[in-house]
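Engineer: Next come a sequence and a model predicted from it.
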Amino acid sequence: MILPMIRARLLGPREDLDDVLAEVQDIGLLQLTEPRLSGVLRPIDLQPSEAREARRLRGLLRDVDALASKVDVVSTSAKASRSPSFASWLRQFRRARRDLDRIETKRRLLEEERTETARLLEFIRAFRGLLPASSGTRTHGYHLVLRGQDAGIVDRLREGLAKAIGDEFVLETAPLSTGELAAVLLVPPADAPRVERLLAQAGVHELPMPEGSEGRTLGQLGPTLATRRDALDAELKALDTDRRARSLDLAPQLSGARAAVEDRLLGLAARENVAATPRSFVVEGWIPEAGFGRLSEVIGRRFDGRVVVESVAREDWEGESAPVVLQNPRLFRPFETITRMVPLPAYGTIDPTPFVAVFFPMFFGLILGDVGYGLVLAIIALWLRHGGAPGSTRRAVAEVLGAGAAFSVAFGIAFGEFFGDLGARWFGMRPVLLDREHSLLAFLGLAIAIGAVHIVLGLALGVYNASRGHPRQAVGKGTSLVMVLLIVVVLLAAIEVLPHGFLTPAVIGLLVLFPVLVLAEGIIAPIEFLSTLSNILSYARIMALGTASVMMAVVANELAGSVGSVLVGVLFALLFHLVNFALGIFAPTIHGLRLHYVEFFGKFHSPGGQAYRPFSHWRPSGNAG
Amino acid sequence: MEAFLIPLSAALAVSIPALATGWAQSRIGPAISASLAEKPELSTTAILLVAIPETMAILGFVVAVLIMLRAGG
């Protein structure tokens, strides 16, 4: 249902305004509205100091965001700090950001050094056998890194060296884990200048050696580099520990500061909804009827009667749209997710959630209608529900699926289906209501009958909605409703479910009501009436999808026996059942939603409701407008 | 002759609306995809809009079943 709302008005002396707004924010029930200005009432403009404060707070919020992106710990607390000190936060957070930036830079440099050290160590490992030879004084050694993707580079290098200095050189290579090639080149010292020119022309570079390693061979460098690598690891670990400790310390402060800043900004924004004279103020807003008493009591007690809380007479706000709060019993509440996927119903109209809660899982069950599939779906729904926080969309979806699963099991028993005809084969399961596999016409009749009930209900709700302000529309919808019922009577009498005597009066009734319909709803009415009839026929999809579902399951079972190998047959059948199950969740959801949004809601739903956003303390979801 | 015409009628009853559904969805799909690129919150509407032409195929299937049942097939 849609909660009844009251338009509340608070009047008091101007000097109490800030305290009253703070109290209203603490109560968190009043959605402030634009003030109605008249006579001496004027809007309150922000003082220059308040405008400056708002700018500073927005700057602080940017700092908090920037710092939060560097802190790798998330605090779930959204409680505003008790004694906010915005200026000290600004200083503290900027200092913390500088410290974290410094840690980040240092970490990056150490990471780079560690990568290079590890690369050198790998190079040394690759040439462990060759290194002593490279340290002699009769030869000049080069340590090269070649791109491994170029398969012919080593051959080309050999050819170039042979041309330049003859056969007086040694070139050994070994693959590195990076995909490159490590190469050691030994040449006579006299040929070194020519070799260096050749290497430069070929774009081959020597391995950069660490500072202070001049005059030492790679073999001698190995232990030093390994020690340095271990030192770097320790330093990196220490930096990470430091950063983690700072993050743990900062995260709650950041979330507390954010909540306090957002609260203060909301408080400043609330002043835009205040009208005032030089000595007094007026605040108006929407509050659920049940919360009005609490607002009056708390404000009355806190301000000793200096501030008056009154409700504005309904006649004074008749034309205005109050915000909409949906409130349904626990069992129906998950289905509000489906109602909220379309625009909210306007205030004063009907909340369709209870009807959705009954019919949506029923359609789902009629289409899936299988004990086996229903049980599997129930397990999935339980798993989804287990991982979802209370009130989350995940939990609501799980509960909607759970209801669909329950109806699927119930209709599965009614149709005698357990993974298609497996129940009949294994346990001798028999249909209680009808056999979907063979009684197609009966199933079609059932689907269309349910459609007729659903549409008639929609029209009845439409009559109720229209009767509050649109009497002509109410007459039109009521006439359509009676005509649909008369057509049902005509059809039942024609196929002799009802006595034949009902036929003539029902047809006469239709002929009499037709001009009434045209008079009430205009010349377009006959077309709309036809569309109502086609809406009822649209429910035939329940039969079509249900039949397809059971046929697929039966085919899957037959596949198991028709393939030569039992194992292959069972695997094939399982795969087919899996596909059918996936379709069995998707199709009833989509078509159940469609039958509600297009066929059912179209008869009565009046969109245009505004969501209720009370003035309260900031919450991370940002819904505390 | 009837043995040929009845299944043919049933096949046409389901195939022609199915082709029409496919054509309609091929026009709706790109249009709604373009809308989704700008307004992702329309995803529910998108699914529904794509599902709306399926009515034709489903009713075609129902008619085909009726043809086969009435003809005793």
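Structural biologist: That came in fine, so what should we check first?
Engineer: Might you enumerate the residues of chain B proximal to chain A?
Structural biologist: Residues of chain B found near chain A (CB under 8 Å from any CB of the partner chain) are B:44, B:47-48, B:51-52, B:54-55, B:58-59, B:61-62, B:65-66, B:69. The C-beta positions use only the backbone N, C-alpha and C, and glycine is treated the same way.
Engineer: Check which helices and strands the longest helix that chain B contains sits against.
Structural biologist: When chain B is parsed with DSSP state H, its longest helix is helix B:2-38. Judged by 3 or more CB pairs under 8 Å, 6 or more residues apart in numbering or on different chains; DSSP states H and E, the packing partners of helix B:2-38 are helix B:43-51, helix B:54-70.
Engineer: and the shortest one, average pLDDT?
Structural biologist: This points to helix B:43-51. Helix B:43-51 carries an average pLDDT of 78.
Engineer: just the buried members of the residues of chain B next to chain A?
Structural biologist: B:47-48, B:51-52, B:54-55, B:58-59, B:61-62, B:65 (16 or more other CB atoms under 10 Å in any protein chain shown).
Engineer: Out of those residues, flag the one nearest to residue A:311.
Structural biologist: residue B:48 (40.3 Å; CB to CB).
Engineer: Identify the residues contacting that closest one.
Structural biologist: By CB atoms under 8 Å, 6 or more residues apart in numbering or on different chains, the contact set of residue B:48 is A:590, A:593-594, A:597-598.
Engineer: which residue is nearest the middle of chain B?
Structural biologist: residue B:57 (2.7 Å; CA atoms, centre = their mean).
Engineer: wait, that residue sits on residue B:13?
Structural biologist: No. Using CB atoms under 8 Å, residue B:57 makes no contact with residue B:13, being 10.5 Å away.
Engineer: follow-up on the earlier one: as JSON lines, the helices and strands packed on helix B:2-38 with distance to residue A:145 would be great.
Structural biologist: Below are the helices and strands packed on helix B:2-38 laid out as JSON lines (distance: least, CB to CB, whole Å):
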{"stretch": "helix B:43-51", "distance to residue A:145": "51"}
{"stretch": "helix B:54-70", "distance to residue A:145": "62"}
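Engineer: Tell me the residues of the stretch 451-600 of chain A that contact chain B?
Structural biologist: A:537-538, A:540-541, A:543-545, A:547-548, A:590-591, A:593-594, A:597-598.
Engineer: and the helix or strand of chain B with the lowest mean pLDDT, C-alpha only, in CSV?
Structural biologist: The weakest-scoring helix or strand in chain B, judged by mean pLDDT, DSSP states H and E, is helix B:43-51 (a mean of 78). Output in CSV follows, covering the C-alpha atoms of helix B:43-51 (Å, rounded to 0.1, in the frame of the first residue of the first chain):
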residue,chain,number,x,y,z
SER,B,43,17.4,-1.8,-19.4
THR,B,44,14.1,-3.2,-18.0
THR,B,45,12.2,-1.2,-20.6
ALA,B,46,14.6,-2.5,-23.2
ILE,B,47,14.0,-6.2,-22.3
LEU,B,48,10.2,-5.6,-22.4
LEU,B,49,10.3,-3.8,-25.7
VAL,B,50,12.2,-6.6,-27.3
ALA,B,51,9.8,-9.2,-25.7
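Engineer: next one: that helix to chain centre, how far?
Structural biologist: Computed by CA atoms, centre = their mean, to the nearest Å, the chain-centroid distance of helix B:43-51 equals 15 Å.
Engineer: what is the orientation angle of it with helix B:2-38?
Structural biologist: 160 degrees (axes from the mean of the first three to the mean of the last three CA atoms, to 10 degrees).
Engineer: Secondary structure element for the residue nearest to residue A:433 when sequence neighbours are not counted, which one?
Structural biologist: Using CB to CB, 6 or more residues apart in numbering or on different chains and skipping residues adjacent in sequence, the residue nearest residue A:433 is residue A:414, 3.8 Å away. Assigned by DSSP states H and E, residue A:414 belongs to helix A:393-415.
Engineer: Now do the helix or strand following that helix: which elements does it pack against?
Structural biologist: Remark: after helix A:393-415, the chain's next helix or strand is helix A:422-427, criterion DSSP H and E. Where contact means 3+ CB pairs under 8 Å, 6+ apart, helix A:422-427 is packed against helix A:371-387, helix A:540-562.
Engineer: Export only the CA atoms of the helix or strand residue A:25 falls within, formatted as PDB.
Structural biologist: Per DSSP H and E: residue A:25 is located in helix A:17-27. Coordinates of each C-alpha in helix A:17-27 appear next as PDB, following Å, rounded to 0.1, in the frame of the first residue of the first chain:
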ATOM      1  CA  LEU A  17      15.900  28.000  13.000                       C
ATOM      2  CA  ASP A  18      19.300  26.300  13.100                       C
ATOM      3  CA  ASP A  19      18.400  24.200  16.100                       C
ATOM      4  CA  VAL A  20      15.000  23.200  14.600                       C
ATOM      5  CA  LEU A  21      16.700  22.200  11.300                       C
ATOM      6  CA  ALA A  22      19.200  20.100  13.200                       C
ATOM      7  CA  GLU A  23      16.400  18.400  15.200                       C
ATOM      8  CA  VAL A  24      14.400  17.700  12.000                       C
ATOM      9  CA  GLN A  25      17.500  16.200  10.500                       C
ATOM     10  CA  ASP A  26      18.000  14.000  13.600                       C
ATOM     11  CA  ILE A  27      14.400  12.800  13.400                       C
END
